[in-house]
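no sequence on this one, just coordinates:
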Ligand code: SF4
């Protein structure tokens, strides 16, 4: 194991320990391939599954693996043929057994931060699907909650506006201007700081840089 791999595992284990004090289960997977296997073991055959607009879970191949497994009912908004169909899938997601998301940032203490324009992702995370599984690259872990919010707003959000080609000030210079643009993707900021002891949330930390 290289020093970087060792450090990633140490850091992940520290965060997982913090999560357990908040009644949130955590696991560490050194690679995306291992993380995919882990997520599939967490979701029983026959479950209904949906997910948010996360680059992480698409780029690492998790959404493809869920389709390929062919043992789940999937509510996949990428399959929508129209904006209306996408909206219908957003609503179906609330009734899913499992919702999969990444996070825009996490603190070492276990806070989970997400920013949303539409609100469908943070709404489903907050309430609706029976279980929520986060898949989080090691690059998303910040020193504390303030640093996590700064990361989500100052790093993740401007990259996403560029990706989505939004008409916002950050698309022009890569820096957050705390705008009130109607095209902002930062309309809602959601923080999980604790959970009931119902194991609704699970976090799989991956020892690779994933997403933004
Ligand atoms: S400038 Fe606006 S859209 Fe861009 S990151 Fe800041 S708040 Fe979000």
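Great, that's in hand. The structure presented is a predicted model; accordingly, all values stated were derived computationally and were not measured.

show me which residues of this protein are close to the ligand?
The chain comes close to the ligand at residues 153, 157-158, 161, 168-170, 176-179, 181, 184-186, as judged by CB under 6 Å from any ligand atom. Quick note: C-beta positions are derived from backbone N, CA and C, even for glycine.

recalculate using a threshold of 5 Å.
Contact residues (CB under 5 Å from any ligand atom) of the chain with the ligand: 157, 158, 168, 169, 170, 176, 177, 179, 184, 186.

how confident was the prediction at the spatially most central residue of the chain?
By CA atoms, centre = their mean, the chain has its centre lying nearest to residue 102, at 1.4 Å. Confidence at residue 102, expressed as pLDDT, is 96.

and for the longest helix belonging to the chain, what's in contact with it?
In the chain, with assignment by DSSP state H, the single longest helix is helix 3-20. For helix 3-20, the surrounding residues in contact (CB atoms under 8 Å, 6 or more residues apart in numbering) are 1, 25-28, 30, 106, 108-110, 138, 141, 203, 205, 207.

can you do 10 Å?
For helix 3-20, the surrounding residues in contact (CB atoms under 10 Å, 6 or more residues apart in numbering) are 1-2, 24-31, 106-112, 134, 136-139, 141, 192, 195, 201-209.

and residue 206, how many neighbours?
When neighbours are defined as other CB atoms under 10 Å, residue 206 has 29 of them.

grab the nearest non-local neighbour of it.
With CB to CB, 6 or more residues apart in numbering as the criterion, residue 206 has its nearest non-adjacent residue at 4.6 Å, and that residue is residue 35.

mind checking the SS state of the one you found?
Following DSSP: H, G, I helix; E, B strand; the rest coil, we place residue 35 in the helix state.

was I right to think it contacts residue 102?
No. Contact criterion CB atoms under 10 Å: residue 35 and residue 102 do not qualify, at 11.0 Å.

what sits in contact with each of those two?
Common contact partners of residue 35 and residue 102 (CB under 10 Å, 6+ apart): 56, 57, 60, 62, 135, 136, 137, 206, 210.

out of the residues you listed, name the ones that lie in strands.
135, 136, 137, 206 (DSSP state E).

a markdown table for those residues, including distance to residue 120 and pLDDT?
Putting those into a markdown table (distance: CB to CB, whole Å; pLDDT from 0 to 100) gives the following:
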| residue | distance to residue 120 | pLDDT |
| --- | --- | --- |
| 135 | 18 | 98 |
| 136 | 19 | 97 |
| 137 | 22 | 97 |
| 206 | 24 | 98 |
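
pull the most distant pair out of the residues you listed.
Farthest pair in those (CB to CB) is 135 and 137. Separation: 8.0 Å.

quickly list what's touching both of the two.
32, 35, 56, 60, 102, 103, 205, 206, 210, 211.

which residues touch the last one?
Okay, so that is residue 211. 54-60, 102-104, 135-137, 139-140, 156, 159-160.

quickly note the distance from it to residue 24.
From residue 211 across to residue 24, the span is 20 Å (CB to CB, to the nearest Å).

ditto for the third one
Relative to residue 24, residue 56 is positioned 18 Å away (CB to CB).

between those two, who's got more neighbours?
Set residue 56 next to residue 24 and count neighbours by other CB under 10 Å: residue 56 wins out with 25 against 22.

per-residue pLDDT, that one?
In this model, residue 56 carries a pLDDT of 91.
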